[in-house]
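J.: give the three-dimensional model of this entry:
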Amino acid sequence: MQFTLRPFTAADADWLVAQHADHYAQVEGFDDSFGPLVAGIIQDFLSDADPRTEAGWIAQADGVRLGSMFCVRINAQTGKLRLFYVVDQARGMGVAQALLDQCLRFARSVGYAQLTLWTHESHVAAGRIYRRNGFERVAAKPVHSFGCDLVEETWQITL
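T.: Here you go, the predicted structure:
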């Protein structure tokens, strides 16, 4: 499958919220508190993102959205990877790696010394791609979030 990466726009917001909410409800049993969290992250990005240090991308093929990733600023030295998502039918086709490569290039180009991210231990495929690309899991803690018992993880990479 041939796909391209393009900048995230406001027109992608509803799709991205729905994808996250639906996928994690079906796969992980997340309750309806997860969609509003994603919507808030997107709204903050649309309202406050500084294009010099923050960006979002959508992977697509033939006008069909396949995935997303964002890089946002924590501080002058640290960026945060957010909203990494690939639709089921595009998994295993290089979409995730292309999005991650784009995010890492961007983070380096704007001068971040490190990139961090938050995820859950149950996202095994994501953990594999993070580890394969040099990220290290630096923290993990059991929580009850989105109606589920989960293990939150923090990963980071030195750029």
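J.: what's around R105, how many residues?
T.: Using other CB atoms under 10 Å, R105 is surrounded by 11 other residues. All C-beta atoms are positioned from the backbone trio N, CA, C, and that covers glycine.
J.: go on, N133?
T.: Here the count is done by other CB under 10 Å, and N133 has 13 residues near it.
J.: residues touching the residue lying closest to it once chain neighbours are set aside, list them.
T.: Computed as CB to CB, 6 or more residues apart in numbering, the closest residue to N133 that is not its neighbour in sequence is L100, at 5.9 Å. Contact partners of L100, counting by CB atoms under 8 Å, 6 or more residues apart in numbering, are M69, L81, F84, I129, N133.
J.: closest to D149 among these?
T.: Set against D149, the nearest of the contacts of L100 by CB to CB is F84 (22.3 Å).
J.: A strand includes the closest one, no?
T.: Yes: when DSSP: H, G, I helix; E, B strand; the rest coil is applied, F84 is found to be in a strand.
J.: how far away is it from A10?
T.: 20 Å (CB to CB, to the nearest Å).
J.: the two: which is more packed in?
T.: It is F84, of F84 and A10, that has more neighbours when counted by other CB under 10 Å, with 19 against 10.
J.: related to what we said a few turns ago, of the contacts of L100, which belong to strands?
T.: M69, L81, F84 (DSSP state E).
J.: helix, strand, or coil at the closest residue in space to F146 that isn't next to it in sequence?
T.: Computed as CB to CB, 6+ apart, the closest residue to F146 that is not its neighbour in sequence is F30, at 3.9 Å. Taking three-state DSSP as the rule, one finds F30 in the coil state.
J.: cool, S122 as well?
T.: When the rule is three-state DSSP, S122 gets the label coil.
J.: does it touch E153 like I think?
T.: No: taking contact to mean CB atoms under 8 Å, the distance of 9.6 Å between S122 and E153 leaves them out of contact.
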